[in-house]
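# what shape does this take:
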Amino acid sequence: MSTRKKKILLVQLTIFLVATYLLYNTYRDKNKTTEEVVQIKSISDPDVNNFTDIDYSGFDLKGNRYTLNAGTAEFKTETPESIEMKSVKANFYLKNGSILKVVSEEGLYNNITLNMEFRKSVKATYLDSTLLSEQLNYSNTDGKLLVSGNVRGESVEKGKFFADNVEYDLTSNTLDFSMFGNKQVKIKLKN
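Have a look, this model is predicted:
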């Protein structure tokens, strides 16, 4: 045998042995079964229903149209009328043609009474006025907005104010300001 043939035979034998080794190691544990235990813990409550991208619309008792949007919402099965929401946006289309816009981090909507509660970083805009607070409650039955918690407002035409509570009557378009204790409402009017 020549040296060239010996080298070819040696290469073929090496390739055969490597292929046999790989095949053997690949399939030798084929009959062994591996059990892996996975525990799944349910983070949802079976008594709570969750939804995303929620849209409500309708008319309040005074005939004003509204839309209410939320990024997420949930309600408990024993109280389906009380809907907790996050990333809340509402538009109130008032009869006089103006729009009141309210945005908050959290909210509560009662789909029977149509009352709404906006909580955390509340921002309300109406015409050229902006109102910031920690909480805003819309009482459909009374036709009022009750604003509380570090209330501050600004109007392009009328100026700024700071108060503990503000009540806005949608029927008469009047504002009532109040403070806790002996503090006074601060209002800075523009000339």
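
# what ranges does the chain have for its helices?
Using DSSP state H, the helices found in the chain span residues 3-27.

# in the lengthiest strand in the chain, what's buried?
Criterion DSSP state E: the longest strand present in the chain is strand 79-93. Using 16 or more other Cβ atoms under 10 Å as the test for burial, strand 79-93 gives 82-90, 92. Yep, even glycine has a C-beta here, placed from its N, CA and C like the rest.

# go on, stretch 49-62?
If you call a residue buried by 16+ other Cβ under 10 Å, then stretch 49-62 has these buried ones: 54, 56, 60.

# report the separation between the last one and residue 13.
When Cβ to Cβ, to the nearest Å is applied, the distance between residue 60 and residue 13 equals 90 Å.

# equivalent analysis for residue 148, please.
For residue 148, the distance to residue 13 - Cβ to Cβ - is 89 Å.

# picking that back up, out of the buried residues of strand 79-93, who's nearest residue 118?
Closest approach between the buried residues of strand 79-93 and residue 118, by Cβ to Cβ: residue 88, at 6.1 Å.

# residues contacting the closest one?
Counting by Cβ atoms under 8 Å, 6 or more residues apart in numbering, residue 88 makes contact with 68-71, 102-107, 118.

# cool, residue 27 as well?
Counting by Cβ under 8 Å, 6+ apart, residue 27 has no contacts.

# same thing with residue 51?
By Cβ under 8 Å, 6+ apart, the contact set of residue 51 is 72-74.
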